[in-house]
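>>> My questions concern the predicted model and sequence given below.
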Amino acid sequence: MENAGFCKEGSSSSDDELVDLTSAEQDLPEDGPYLDRDHTAGYSNSSWGQVGSAGLLDLLDEGVPGVGTYEDFNTIDWVREKSKDRDRHREINRKKKQSVLALLFSLSDAFSGWLLMLLIGLKSGALAGGIDIAAHWLTDLKEGVCLNDFWFTHEHCCWNSNETTFQERDKCPQWKSWAELMVGVSEGPSAYVVNYLMYVSWALIFSFLAVILVRAFAPYACGSGIPEIKTILSGFIIRGYLGKWTLVIKTITLVLAVSSGLSLGKEGPLVHVACCCANILCHRFTKYRKNEAKRREVLSAASAVGVSVAFGAPIGGVLFSLEEVSYYFPLKTLWRSFFAALVAAFTLRSINPFGNSRLVLFYVEFHTPWHFLELFPFVLLGVFGGLWGALFIRANIAWCRWRKTTRLGHYPVLEVVVVALVTALFAFPNEYTRMSSSELISELFNDCSLLDSSKLCDYNFVGKGGERTANFSTNGLGDRAAGPGVYTAIWQLALALFFKMFITVVTFGMKVPSGLFIPSMAVGAIAGRLLGIGMEQLAYYHHDWPMFKGWCSPKSSCITPGLYAMLGAAACLGGVTRMTVSLVVIMFELTGGLEYIVPLMAATMTSKWVADALGREGIYEAHIRLNGYPFLEPKEEFEHKTLAMDVMRPRRSDPPLSVLTQDGMTVEEVEAMISDTSYSGFPVVVSHESQRLVGFVLRRDLVISIDNARRCQDGIVGASCVLFTEHTPSQPQGGPPPLNLRSILDLSPLAITDHTPMEITVDIFRKLGLRQCLVTQNGRLLGIITKKDILKHMAQMANRDPDSILFN
């Protein structure tokens with residue numbers, strides 16, 4: 001529908017004018033891409049509680065442009081949006097029996113949801129494949145370049161060489177390090193210094209470009225994006241956060257940030273990228289463009305797509321959306337999420353970004369079965385993951401809060417460059433921190449085979465007579481005694497563990513795209529591999545101990561260090577995010593084996609129990625609270641015995657509640673009330689004396705309707721009577737015509753009594769997605785409770801600052 005007549009209020013700008021979302025003092029201008037006003041102007045709220053569907057659909061087609069839409073940083077009315085969608089369905093079903101054209105429209109409307117999922121999967125999968133390829137190439141560019149084809153990565157460059165061997169598969173004449181190109185030597189002090197300087201220089205260039213692009217063009221492209229997406233899915237409006245500029249800049253800067261070597265991953269931001277794709281594509285479909293609740297169903301499916309392309313785990317992605325991100329997840333959304341995740345995974349598999357026919361770089365298969373007695377070290381890894389998760393959350397939140405309250409927050413570019421410099425300087429000397437986090441995880445997950453030349457696979461073989469031969473890989477897989485390479489790798493991994501634990505704390509939350517999945521998994525994988533090597537050597541040297549007797553014979557390989565690395569990765573990621581079911585499924589899809597589900601479950605649940613004992617919030621919930629987003633956590637229990645009268649406004653010291661009467665106020669009086677207050681809506685009562693509740697009207701709808709009436713209706717002046725009644729009463733002769741605004745009145749606002757327990761009230765707000773709830777006593781209006789009132793009350797009950805809830 002065309003909306004040429006809609007007069008926009010306020011300013012409309014692009015993403016480049018947006019500032020830091022967490023700075024509540026700054027008023028962010030509205031932007032088109034997330035909720036383009038031209039697209040949403042057709043919203044209307046036609047007495048949806050009482051009037052039939054035909055009336056509503058007429059207003060949807062011909063109503064006042066802008067009525068029924070929402071201001072920036074406000075919460076949607078889930079009940080009204082779902083009611084609008086039901087009325088739209090009734091009208092379509094009624095008309096489809098009248099003509100063939102209406103029947104075809106009904107079929108296209110039913111199919112549009114699946115078509116939208118198909119497009120989201122294709123677009124997200126293609127973008128993820130491009131990001132993987134670009135990030136891999138830029139990461140290798142820090143070490144050298146392929147002379148034949150500069151766009152080849154190190155691995156792809158050497159694939160075409162006939163001089164590559166299994167033992168030195170990463171060396172070939174076509175690939176030249178920067179030292180070879182600049183000083184003509186590949187080894188020695190001069191070569192080391194040149195490679196060191198080039199590594200640091202590229203890291204600084206990539207990180208500087210990433211933070212400059214984010215700051216200049218799309219401030220919303222920074223961070224993980226998952227805390228904000230959770231808030232948006234709960235019904236909050238953040239214009240521009242899922243817009244076109246955000247998508248473009250996030251895609252580019254994500255490649256740069258990952259390639260710079262910063263301790264971050266691309267998995268969390270890929271969820272943001274997929275949601276941006278979904279939001280932009282929603283504008284092509286009327287029923288999703290004009291309904292905020294329907295659009296959030298699509299965004300829930302897009303979250304599943306993001307995880308699907310990040311880990312190559314479509315089922316895990318659906319469960320991640322259900323468990324971790326989504327606020328409202330009906331069964332229909334489950335099916336569509338599954339379809340979209342399938343399409344995205346298939347698209348990524350077709351692109352084959354890593355050249356190994358796998359969807360992720362660290363896919364691995366284990367062949368040695370685990371034993372029941374190994375559950376003890378598996379649980380130990382879960383304890384480590386829980387401790388690390390709780391410690392990381394507290395340290396990272398403390399650092400982010402310090403950043404927000406000091407001058408450091410005023411210099412985001414300098415902060416990113418300094419952290420990138422420190423990371424590069426300390427990472428280069430250690431080969432396990434120099435490589436990308438995905439490559440590190442792949443190395444740690446790896447189950448050593450006959451062709452592996454890694455230090456982690458440098459085992460000695462005990463031959464006849466007790467003589468030690470060279471590397472085990474030429475002799476077999478059993479009786480593995482650690483060789484010098486393994487011992488070197490152990491202390492390098494120990495240093496890498498402490499470095500990763502520290503640098504990840506200060507990196508997550510900077511003004512560049514930064515995911516937390518891969519850094520957390522890297523920490524856990526290092527710890528798990530170290531424990532796995534220790535168990536393996538313990539079993540080798542002491543196979544006669546009671547704990548190894550009967551299942552670990554002297555000539556068999558009974559311990560798989562790579563499995564321990566995988567369990568450690570799952571435990572640390574679970575400790576940080578508090579994921580359980582979805583995490584186990586994601587890790588299971590990575591390994592391709594059902595046999596290791598029980599160890600995964602043991603490590604993950606132990607991690608969650610330990611982390612929950614030290615702090616109930618996961619990292620995303622902690623950042624939501626830090627930024628003051630109005631998010632009612634579904635997992636949090638309200639345990640205090642307070643009543644609605646203790647929370648509602650007005651309080652005893654407050655002025656009386658601002659209300660409208662159904663037939664006793666003029667346009668001038670209504671406009672005066674609007675200008676004197678900043679409330680998002682007003683209750684409508686029969687009269688000031690009776691205070692009998694009639695309904696509720698939104699401030700935005702009032703303003704737009706009155707402005708439209710002054711322009712389009714003859715005789716509407718300040719003295720005109722404002723009516724919310726069904727029938728217009730007789731007016732005095734010679735007076736101005738009345739203005740009837742019953743069409744914008746919500747005749748069925750949810751109301752509770754003043755003695756309703758707050759635990760029930762909180763559940764009502766969570767499960768119905770309410771913006772506000774009216775409080776009555778014997779049918780008389782007493783006050784109002786908003787979502788922000790509940791959040792402030794919960795913060796006060798938890799001995800937190802209630803003013804930390806920054807947004808309405």
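Thanks, I have the structure now.

>>> Closest to the centroid, which residue in the chain?
For the chain, Ile226 is the residue whose C-alpha lies nearest the centre (C-alpha atoms, centre = their mean; 1.8 Å).

>>> Low-confidence ranges, the stretch 601-750 of the chain, go.
Applying pLDDT under 70 to the stretch 601-750 of the chain flags no residue at all.

>>> which residues of it fall in strands?
Ranges of strands within the stretch 601-750 of the chain are 660-661, 665-666, 681-685, 693-698, 721-723, 739-740, based on DSSP state E, counting those that start in this stretch.

>>> can you list the residues that contact the second one?
Applying C-beta atoms under 8 Å, 6 or more residues apart in numbering, the external contacts of strand 665-666 come out as Gly718, Ala719, Ser720, Cys721, Val722. (Each C-beta comes from the backbone N, C-alpha and C, glycine too.)

>>> Could you do the fifth one as well?
In this structure, residues lying in contact with strand 721-723 by C-beta under 8 Å, 6+ apart are 660, 662-663, 665-667, 669-670, 729, 731, 736, 738-742.

>>> which other helices and strands contact the helix or strand hosting Ile280?
According to DSSP states H and E, Ile280 maps onto helix 267-282. Counting contacts by 3 or more C-beta pairs under 8 Å, 6 or more residues apart in numbering; DSSP states H and E, helix 267-282 packs against helix 100-141, helix 226-233, helix 244-259, helix 292-311, helix 517-541.

>>> so after it, what's the next helix or strand?
helix 286-289.

>>> Mind checking what secondary structure Ala481 has?
Of the three states, Ala481 takes strand under DSSP: H, G, I helix; E, B strand; the rest coil.

>>> give me the beta-bridge partners of it?
Note on Ala481: beta-bridge partners Asn460, judged by DSSP bridges.

>>> That one is in contact with Asn460, isn't it?
Yes. Under the criterion of C-beta atoms under 8 Å, Ala481 makes contact with Asn460 at 4.7 Å.

>>> The two: who's more crowded?
The neighbour comparison of Ala481 against Asn460 (other C-beta atoms under 10 Å) goes to Asn460, with 20 against 15.

>>> Hmm, the more buried one is touching Ala482, no?
Yes. Using C-beta under 8 Å, Asn460 makes contact with Ala482 at a distance of 7.4 Å.

>>> Overlap in contacts, the two.
By C-beta under 8 Å, 6+ apart, no residue touches both Asn460 and Ala482.

>>> Mind pulling up the pLDDT for the residue nearest to the centre of the chain?
On pLDDT, Ile226 comes in at 94.

>>> and if you look at Gly52?
35.

>>> Check the one 3 residues further on too.
Looking at Gly55, its pLDDT is 34.

>>> Next: Gln167.
54.

>>> related to what we said a few turns ago, among the helices and strands packed on helix 267-282, which is nearest Ile212?
Between Ile212 and those, the tightest spacing by C-beta to C-beta is seen for helix 244-259, at 9.0 Å.

>>> Report the buried residues of the closest one.
244-259 (16 or more other C-beta atoms under 10 Å).

>>> Kindly report the same for stretch 721-735.
Buried residues in stretch 721-735 (16+ other C-beta under 10 Å): Cys721, Val722, Leu723, Phe724.

>>> now do stretch 393-408
By 16+ other C-beta under 10 Å, the buried positions in stretch 393-408 come out as Ile393, Asn396, Ile397, Trp399, Cys400, Arg403.

>>> May I have it exported as CSV, CA atoms only?
Coordinates of each C-alpha in stretch 393-408 appear next as CSV, following Å, rounded to 0.1, in the frame of the first residue of the first chain:
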residue,chain,number,x,y,z
ILE,A,393,31.4,-13.1,33.5
ARG,A,394,32.4,-11.3,36.7
ALA,A,395,35.7,-10.0,35.3
ASN,A,396,34.3,-9.0,31.9
ILE,A,397,31.3,-7.2,33.4
ALA,A,398,33.6,-5.4,35.9
TRP,A,399,35.9,-4.4,33.0
CYS,A,400,32.9,-3.2,30.8
ARG,A,401,31.4,-1.2,33.7
TRP,A,402,34.8,0.4,34.3
ARG,A,403,35.0,1.2,30.6
LYS,A,404,31.6,2.9,30.7
THR,A,405,32.3,5.0,33.8
THR,A,406,35.9,6.2,33.0
ARG,A,407,37.6,8.1,30.2
LEU,A,408,38.4,4.8,28.5
